[in-house]
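J.: any chance you could fold what I've pasted below:
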Amino acid sequence: MSNWCVLVVEDDPDGQEVVTRMLRHHGIPAVMADSGEMALSRLNDTQYTAAVIDLALPGIDGWMVLNAIRRNPNTANLPCVAVTAFHSAEVAVKAIEAGFNAYFPKPLDATSFVRELQRVVGS
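T.: Residues are numbered from 1 along each chain as shown. Next up, the predicted model:
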């Protein structure tokens, strides 16, 4: 996993810290984007292994980021994981139906989060 590069799209500094620490604890490099706009820009810079995307971003939200990723031939197959503090069974189903590879409510459980990320990436 040390050869991975995960794009973390999270506008909340505490959320950024939590996800980044989880990934780095498992030796997974992460690049932060604090907005949907920044995430879309960063996708042009690097080949990412996966993206962890908060659904409730201001401006371009996580749903729109996913749509842009899936429409772009260079990123269409990028594994994407939705995270949100606004959890409900309906949101979880909607996220998977929209094209996210996995869904996690906040607060994240470190063990299951990293395990599911490994499954999604296929390692």
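J.: tell me the contacts of the spatially most central residue of the chain?
T.: Nearest residue to the geometric centre of the chain (Cα atoms, centre = their mean): residue 52, 1.0 Å. Listed by Cβ atoms under 8 Å, 6 or more residues apart in numbering, the contact partners of residue 52 are 6, 7, 8, 9, 10, 19, 80, 81, 83, 117. Placement of C-beta: from N, CA and C, glycine included.
J.: residue 91 now?
T.: 55, 84, 103.
J.: now, those that are in strands?
T.: Taking DSSP state E, the ones among those that sit in strands are 84, 103.
J.: distance to residue 109 added to the contacts of residue 91, as TSV?
T.: Formatted as TSV, those follow (distance: Cβ to Cβ, whole Å):
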residue	distance to residue 109
55	18
84	14
103	13
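J.: among the contacts of residue 91, who's most crowded?
T.: Among the contacts of residue 91, residue 55 has the most neighbours (other Cβ atoms under 10 Å), with 22 neighbours.
J.: not counting its neighbours along the chain, what's nearest that residue?
T.: Nearest residue to residue 55, sequence neighbours excluded (Cβ to Cβ, 6 or more residues apart in numbering): residue 62, at 3.8 Å.
J.: just give me the neighbour total for the one you found.
T.: For residue 62, using other Cβ under 10 Å, the count is 26.
J.: could you check how far it is from residue 111?
T.: Distance from residue 62 to residue 111, counting by Cβ to Cβ, to the nearest Å: 23 Å.
J.: the residue nearest to residue 118 when sequence neighbours are not counted: neighbour count?
T.: Distances taken as Cβ to Cβ, 6+ apart place residue 1 nearest to residue 118, at 7.2 Å, with adjacent residues excluded. When counting by other Cβ under 10 Å, one arrives at 15 neighbours for residue 1.
J.: correct me, but residue 1 touches residue 28?
T.: Yes - under the criterion of Cβ atoms under 8 Å, residue 1 makes contact with residue 28 at 4.8 Å.
J.: ok so, going back, for the residue nearest to residue 118, what are its contacts?
T.: 26, 27, 28, 118, 123.
J.: give the buried residues for stretch 31-41.
T.: 31, 32, 33, 34, 35, 36, 38, 39, 40 (16 or more other Cβ atoms under 10 Å).
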